[in-house]
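Chemist: quick one, structure for this:
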Amino acid sequence: MDVAPNGQQRSGENQVCNQRDAYRDGNQHPIVALMELAPEFDVNLVDLSTVRLMGAVTADLAVDPVGDFNENGIADLRFEFDRDEVEAVLTQDGDVLLVVTGILEGITSFMGLGPARVILPFVLEPNGGEVLRSGASTEVSWQNPEGWPVDYVDLSLSADGGTSWDPLAANLRGTSATVELPAVESEQMLVRVHYFDGERELGHDSSDAFFTLSASVTAVEGGPAVFGLIGNAPNPFSRSTVVRFGLSRPGRATLRIFDLRGRLVRTLVDEVLAAGRHEVAWSGRDDTGSAVASGVYFYRLQAEGQTAIRRLTLQQ
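Modeler: Next up is the predicted model:
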């Protein structure tokens, strides 16, 4: 990147690059700009709140920008920018010239220029509107960016509309994979595909709109058709558990969760089912969709004029 205090260009050891990091809330894969100013300018006077990429994206105020990052004995500036915000500005595929601007407190403004290539991958499925069963397997498919080698792909999943992301699968090749979805319930699900060239992330793309994970009853093959609660696993659980039960004949069955005071928390099943074994997931949420508190709960199966009750433990 060329650095230009007062608009005067200066060549430096600067670059725009990507970093691979562990999935976590917030700016998990930032766009990083390294800049080196002329020796007469004190980099410690940079006003981080004034730094902008492409005149729109603000630098991360929590990251100390000063250091000798290229180890040449001259202090540098290192700015991190939120990847999603940068991608919202750079919407066209191809080569672009990135511009970083800012102000040295009480002295002057500075500007850095650097070439970059915008690579736009695409999630194909699930891409919004689908209703999938929690705890089941589904296919995730994507389109690799044209003209750029992709060594492998990582997948991550959000159940809260993109606020936080959890790893779903890693080191995938090709353009599709069958993955096991978590046993959670949400109408704000998103899947994200991360493209890597070695250890460098080329880019990522997320579902265009929310899809839904819904807990539904699933028939389980094998075992005798006997009425009763088989149990739940895992138990204790922190995010979700799968309750298994059996029916000796077809008919209406209800499976409900109660707290220790006997108050109804969640109705998991209330429908006509075939004879045999079944299972359904519970994500620790009540009938309003709110997360319930840690503690001991009871689940009660009623069918065929019979009742069975067992206990489970939620540990957040």
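Chemist: surely Thr218 and Arg277 touch.
Modeler: No: using Cβ atoms under 8 Å, Thr218 is not in contact with Arg277, being 9.6 Å away. Heads up, the C-betas are built off the backbone N, CA and C, glycines and all.
Chemist: name the nearest residue to the spatially most central residue of the chain, ignoring sequence neighbours.
Modeler: Geometric centre of the chain, nearest residue: Trp165, 2.2 Å, by Cα atoms, centre = their mean. In this structure, Trp165 finds its nearest non-sequential neighbour in Ser156, 4.3 Å apart by Cβ to Cβ, 6 or more residues apart in numbering.
Chemist: next one: Val184
Modeler: The shortest distance from Val184 to any non-neighbouring residue, by Cβ to Cβ, 6+ apart, is to Ser283 (4.5 Å).
Chemist: how near is that neighbour to Ala136?
Modeler: 14 Å (Cβ to Cβ, to the nearest Å).
Chemist: which one's more surrounded, the two?
Modeler: Counted by other Cβ atoms under 10 Å, Ser283 and Ala136 do not tie: Ser283 has more neighbours, with 22 against 13.
Chemist: surely that one is in contact with Glu185?
Modeler: Yes: between Ser283 and Glu185 there is a contact under Cβ under 8 Å: 4.7 Å.
Chemist: overlap in contacts of these two?
Modeler: Ser134, Ala215 (Cβ atoms under 8 Å, 6 or more residues apart in numbering).
Chemist: where does the prediction get shaky in the stretch 101-250 of the chain?
Modeler: Low-confidence regions of the stretch 101-250 of the chain, defined here as pLDDT under 70, cover residues 119-120.
Chemist: if we go by neighbour counts, what in stretch 151-165 is buried?
Modeler: The neighbour-count check on stretch 151-165 (16 or more other Cβ atoms under 10 Å) flags Val153, Asp154, Leu155, Ser156, Leu157, Ser158, Ala159, Trp165 as buried.
Chemist: contact partners for the residue nearest to the fifth one when sequence neighbours are not counted?
Modeler: Closest residue to Leu157 in three dimensions, ignoring its sequence neighbours and counting by Cβ to Cβ, 6+ apart: Leu168, at 4.4 Å. By Cβ under 8 Å, 6+ apart, Leu168 lies in contact with Val140, Leu155, Ser156, Leu157, Val179, Val191.
Chemist: nearest to Gly251 among those residues?
Modeler: Ranked by distance to Gly251 (Cβ to Cβ), the contacts of Leu168 are led by Val179 at 34.7 Å.
Chemist: tell me, how many neighbours does the closest one end up with?
Modeler: Neighbours of Val179 (other Cβ under 10 Å): 16.
Chemist: excluding sequence neighbours, find me the nearest residue to it.
Modeler: Closest to Val179 by Cβ to Cβ, 6+ apart is Ala169, at 5.1 Å.
Chemist: now the helix or strand where the one you found lies: buried residues?
Modeler: Using DSSP states H and E, Ala169 maps to strand 166-172. Using 16+ other Cβ under 10 Å as the test for burial, strand 166-172 gives Leu168, Ala169, Leu172.
Chemist: from Val184, how far off is the first one?
Modeler: Noted for Leu168: a distance of 12 Å to Val184, by Cβ to Cβ.
Chemist: again with the second one
Modeler: If you measure Ala169 against Val184 using Cβ to Cβ, the figure is 16 Å.
Chemist: then Gly289?
Modeler: Taking Cβ to Cβ, one finds Gly289 at 11 Å from Val184.
Chemist: looking at these two, which one has more neighbours?
Modeler: A count of neighbours by other Cβ under 10 Å puts Val184 above the other of Gly289 and Val184, at 20 against 11.
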